Structure formats: C-alpha cells, structure tokens
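*Asks:* Quick one, structure for this:
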Amino acid sequence: QIFFACIYVFGQIAARFLKMPSLVGEIFAGIILGPNLTKFVPYPISFVMLGEIGLILLVIEAGIDIDLTTLKLIGTRGLIIAIIGSILPIAIAFGIALAIG
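*Replies:* The predicted model follows:
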C-alpha cells in the first residue's frame, strides 16, 4: 500500500511541478523503489507478468491515439523511419542474444 501511495505522489509531482505526464513520475517511482521492495513480494514473477501486460496495454493505447491525417502528412519517409526504428533494435538485441549464447 505504501508503494502505491509513493507511485501516486511521484506521479503528482511530475504532473504539477515538472509539467510532465504523471506516467513519467510513476515510472521513476517504480525504478527507484522497485528493487528495494522486491523482498516484500511473495511471488515476484506475477508482478513481472503484470508489468508486461501493462506494457502491452500502453503500446495499444499509443497506437489508438495515432491521428491518421498526421500519418498521411508524414508519408513514406515516416513509415520507413517507424519500421527501421522498430525492427533495428529487435535485430540488434537478437544478434547480441545469439552472440552471448
């Protein structure tokens, strides 16, 4: 319960004082407090799964918010940059994973 209160406070600080989305403060709270509070979680793998579900939902929400008229204005160049920006990091990570074994 204390963890959730800290997440809320960090989110409000980011939103009100730093003029950033509250999500930024919540992410920083998780980064700062997460490793220290892992000893209190009885099944940490379940929180990893919840985090991955949250990440998937965040990506879906970002995809829903895309404005098609802006996407049409950007055109082919933006599409190529988006594809390279998505595939290149995956390919690099895959190459590193293969190299490490």
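*Asks:* Residue ranges in the protein under the pLDDT threshold?
*Replies:* 1, 35, 37-41 (pLDDT under 70).
*Asks:* need the longest helix for it.
*Replies:* Counting by DSSP state H, the longest helix found in the chain is helix 68-100.
*Asks:* by contact count, what packs against it?
*Replies:* Helices and strands touching helix 68-100, as assessed by 3 or more Cβ pairs under 8 Å, 6 or more residues apart in numbering; DSSP states H and E, are absent. In this view, the C-beta of every residue, glycine as well, is placed from N, C-alpha and C.
*Asks:* For that helix, what is the distance to the chain centroid?
*Replies:* Put simply, helix 68-100 sits 17 Å off its chain's centre (Cα atoms, centre = their mean, to the nearest Å).
*Asks:* and if you look at stretch 52-59?
*Replies:* Here stretch 52-59 is found 7 Å from its chain centre; the criterion is Cα atoms, centre = their mean.
*Asks:* what are the C-alpha coordinates of that stretch, in CSV please?
*Replies:* Extracted C-alpha coordinates of stretch 52-59, given in CSV (Å, rounded to 0.1, in the frame of the first residue of the first chain):
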residue,chain,number,x,y,z
GLU,A,52,4.3,-7.0,-19.3
ILE,A,53,0.6,-6.8,-19.6
GLY,A,54,0.7,-3.1,-18.7
LEU,A,55,3.4,-2.5,-21.3
ILE,A,56,1.3,-4.2,-24.0
LEU,A,57,-1.7,-2.1,-23.0
LEU,A,58,0.4,1.1,-23.1
VAL,A,59,1.6,0.2,-26.7
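*Asks:* Thanks again, I'm all set now.
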